[in-house]
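Trainee: whatever this is, show me its structure:
(one chain, ligands or ions: 1)
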Amino acid sequence: MKKIAVAGTGYVGLVTGVALSDIGHEVTCIDIDEAKVKRMQAGESPIYEPGLDELMTKNIEAGRLHFTTNHREGFANKDAAYIAVGTPEKEDGTADLRFIEAVAKDIAQNLTGDITVVTKSTVPVGTNDYINETIQENLAGNHNIEVVSNPEFLREGSAVFDAFNGDRIVIGADSEKAASLIEEINKPFGIAIYKTDIRSAEMIKYASNAFLATKISFINEISNLCDRLGANVEDVAIGMGMDGRIGAQFLKAGIGYGGSCFPKDTSALVKIAETAGMEFELIQSVMNVNKKQQLLLVEKAKEVLGNLNGKKIALLGLAFKPNTDDMRESPAIAISGSLLAEGAEVVAYDPIATPNAKFFMPGGVEYVNSAEEAINGADTAFIVTDWEEFKNLELSVFAEKLQEPVVFDGRNCYDLKQVKDANIDYYSIGRPAVTREEAKELSKTN
Ligand code: UDX
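Mentor: Numbers count the residues shown, from 1 in each chain. Coordinates of the predicted model:
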């Protein structure tokens, strides 16, 4: 059992802290937000993450998990201090390291003995050296400090599952002693551990996210070609994914990636390359494709319905993906902005992201409390997030409640066979359109 401090209780910090306490370590999570710390002390997670509240309560009750706003209490007498604060994107695409710098100073001024500092936050290559320098410069007392890069690969919505079942744990260290300590801390997870140097570990994180984003933009471009040529992107993805060298995951075509990682990390990587004197053309294209893809439903709707001015459009789903209330970089933001600019009315529903959405979405969007309420009387519906709730909708609701039974599905939620009996016109991503006209013809010939 080790004594661990975790600075920052966002998605990454909180899930990491809770998971480390669950495998037996004594963990103190530190955050500057007092109201948030009070909620967490009561076992309440400030973020929506399946399974997190239960795990928090269990480990608080076992006396292994603590929350504080007090840096002295947080960093004193610890074996390791994890940095898990945000690295938001600045206007110019680079990562903002203000919070990282502040935590480095806090650690330096509040530690009481030797400590290993573990960077979980995604930071540009070379930042761990900078963290080390910042700590050394601000150090109160004569202590030995080691810095380790230990990037996270948690997916929102399944972060708790991923913490215990990830594919690998990457440890980047320049000393064997520091690497061994972090290896020992992580061993109970039973996940493969890969040890390397600090800079390579920092790069593994960016390269992994950029590669996954590339897979998504790739299949999205293929889907747009399938649309033009009458192929079905889902069949194409299955056929491609059966090749072990390609792999079946992250080949789901849709209206582009969003979230707190892919958009930020791809633009940071392009900037990192630029600073190193290299133009990262591939990732730049991945980003351009994604930007275009986010507006695909609007383009399709204009093609099918003509002018959208005055049309009422139901948005089903706002979060960037299901099982999260995170709205960061969600395609819903770009879609509603574009629809409002076209003069359309937007009525939106999300099972849990609406309170967050109100901060992120453009003004002028109307929010309602159910999918049916959004659809009722709207001219057409856009499916933006593939929530189970939408996948399980009785499809007859579209034909019954929409003015014009035309549905644009940005996440391929329904089987085309199922849609053929629903008496709607249905446009999805990279799959042939299903129209009432065509379904009627088909039933005549059968
Ligand atoms: C991602 C990485 O998966 C994780 O390892 C990293 O640490 C943080 O970033 P996350 O952003 O939570 O996690 O979500 P993820 O499930 O990876 O999905 C990201 C986006 O890509 C979503 O908008 C999703 O809808 C989209 N996506 C994903 C696709 O469009 N197609 C796919 O096949 C997969």
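Trainee: around the ligand, pick out the residues from the stretch 201-350 of the chain.
Mentor: The stretch 201-350 of the chain comes close to the ligand at residues 209, 212, 216, 250-252, 254, 257-259, 261-262, 320-321, as judged by CB under 6 Å from any ligand atom. In this view, the C-beta of every residue, glycine as well, is placed from N, C-alpha and C.
Trainee: out of the residues you listed, which is nearest to residue 228?
Mentor: residue 254 (17.5 Å; CB to CB).
Trainee: where does the closest one land in three-state SS?
Mentor: Put simply, residue 254 is coil when judged by DSSP: H, G, I helix; E, B strand; the rest coil.
Trainee: all further residue positions should be reported with the first residue as 7.
Mentor: That works, and once the first residue is 7, the last one we named lands at residue 260.
Trainee: that one contacts residue 436, correct?
Mentor: No: counting by CB atoms under 8 Å, residue 260 stays clear of residue 436, with 9.2 Å between them.
Trainee: common neighbours of the two, please.
Mentor: residue 418 (CB atoms under 8 Å, 6 or more residues apart in numbering).
Trainee: in TSV, list the residues of the stretch 207-356 of the chain next to the ligand along with neighbour count, pLDDT and secondary structure.
Mentor: Formatted as TSV, these follow (neighbours: other CB atoms under 10 Å; pLDDT from 0 to 100; DSSP: H, G, I helix; E, B strand; the rest coil):
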residue	neighbour count	pLDDT	secondary structure
215	23	97	helix
218	17	98	helix
222	21	98	helix
256	16	97	coil
257	21	98	coil
258	18	98	coil
260	26	98	coil
263	27	98	coil
264	24	97	coil
265	21	95	coil
267	24	92	coil
268	23	96	helix
326	27	97	coil
327	20	96	coil
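Trainee: adding distance to residue 85, write those out as JSON lines.
Mentor: Rendered in JSON lines, the data for these read as follows (distance: CB to CB, whole Å):
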{"residue": "215", "distance to residue 85": "29"}
{"residue": "218", "distance to residue 85": "33"}
{"residue": "222", "distance to residue 85": "39"}
{"residue": "256", "distance to residue 85": "36"}
{"residue": "257", "distance to residue 85": "42"}
{"residue": "258", "distance to residue 85": "41"}
{"residue": "260", "distance to residue 85": "43"}
{"residue": "263", "distance to residue 85": "37"}
{"residue": "264", "distance to residue 85": "37"}
{"residue": "265", "distance to residue 85": "32"}
{"residue": "267", "distance to residue 85": "28"}
{"residue": "268", "distance to residue 85": "33"}
{"residue": "326", "distance to residue 85": "36"}
{"residue": "327", "distance to residue 85": "36"}
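Trainee: can you tell me the closest non-neighbouring residue to residue 385?
Mentor: Nearest non-adjacent residue to residue 385, counting by CB to CB, 6 or more residues apart in numbering: residue 317, 4.4 Å away.
Trainee: so where's the stretch 307-452 of the chain uncertain?
Mentor: Applying pLDDT under 70 to the stretch 307-452 of the chain flags residues 448-452.
Trainee: contacts only, for the residue nearest the centre of the chain.
Mentor: Residue closest to the average C-alpha location in the chain (CA atoms, centre = their mean): residue 265, at 3.7 Å. Residue 265 sits next to 162, 326, 327, 332, 334, 335, 336 when contact means CB under 8 Å, 6+ apart.
Trainee: and with 10 Å instead?
Mentor: When contacts are counted by CB atoms under 10 Å, 6 or more residues apart in numbering, residue 265 touches 161-163, 215, 271, 325-327, 330, 332-336.
Trainee: which of these are buried?
Mentor: 162-163, 215, 271, 325-327, 330, 332-336 (16 or more other CB atoms under 10 Å).
Trainee: okay if I get those residues as a markdown table plus secondary structure?
Mentor: Formatted as a markdown table, those follow (three-state DSSP):
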| residue | secondary structure |
| --- | --- |
| 162 | coil |
| 163 | coil |
| 215 | helix |
| 271 | helix |
| 325 | coil |
| 326 | coil |
| 327 | coil |
| 330 | coil |
| 332 | coil |
| 333 | coil |
| 334 | coil |
| 335 | coil |
| 336 | coil |
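Trainee: might one say that residue 394 is in contact with residue 417?
Mentor: No: Residue 394 lies out of contact with residue 417 (CB atoms under 10 Å); the separation is 11.6 Å.
Trainee: in terms of neighbours, single out the busier of these two.
Mentor: Legend: neighbour count by other CB atoms under 10 Å for residue 394 and residue 417, higher for residue 417 (23 against 10).
Trainee: and that one, backbone torsions?
Mentor: The phi/psi pair for residue 417 (degrees, to the nearest 10) reads phi -130, psi 10.
Trainee: reformat the contacts of residue 265 as JSON lines; add distance to residue 181.
Mentor: What follows is the contacts of residue 265, written out as JSON lines (distance: CB to CB, whole Å):
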{"residue": "161", "distance to residue 181": "31"}
{"residue": "162", "distance to residue 181": "33"}
{"residue": "163", "distance to residue 181": "36"}
{"residue": "215", "distance to residue 181": "27"}
{"residue": "271", "distance to residue 181": "27"}
{"residue": "325", "distance to residue 181": "42"}
{"residue": "326", "distance to residue 181": "39"}
{"residue": "327", "distance to residue 181": "38"}
{"residue": "330", "distance to residue 181": "37"}
{"residue": "332", "distance to residue 181": "36"}
{"residue": "333", "distance to residue 181": "41"}
{"residue": "334", "distance to residue 181": "36"}
{"residue": "335", "distance to residue 181": "37"}
{"residue": "336", "distance to residue 181": "41"}
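Trainee: just checking, what packs against the helix or strand harbouring residue 339?
Mentor: Using DSSP states H and E, the element containing residue 339 is helix 337-347. Contacting helix 337-347 under the criterion 3 or more CB pairs under 10 Å, 6 or more residues apart in numbering; DSSP states H and E are the following elements: helix 287-300, helix 302-311, strand 318-322, strand 351-355, helix 360-366, strand 386-389.
Trainee: 7 Å instead?
Mentor: helix 287-300, helix 302-311, strand 318-322, strand 351-355 (3 or more CB pairs under 7 Å, 6 or more residues apart in numbering; DSSP states H and E).
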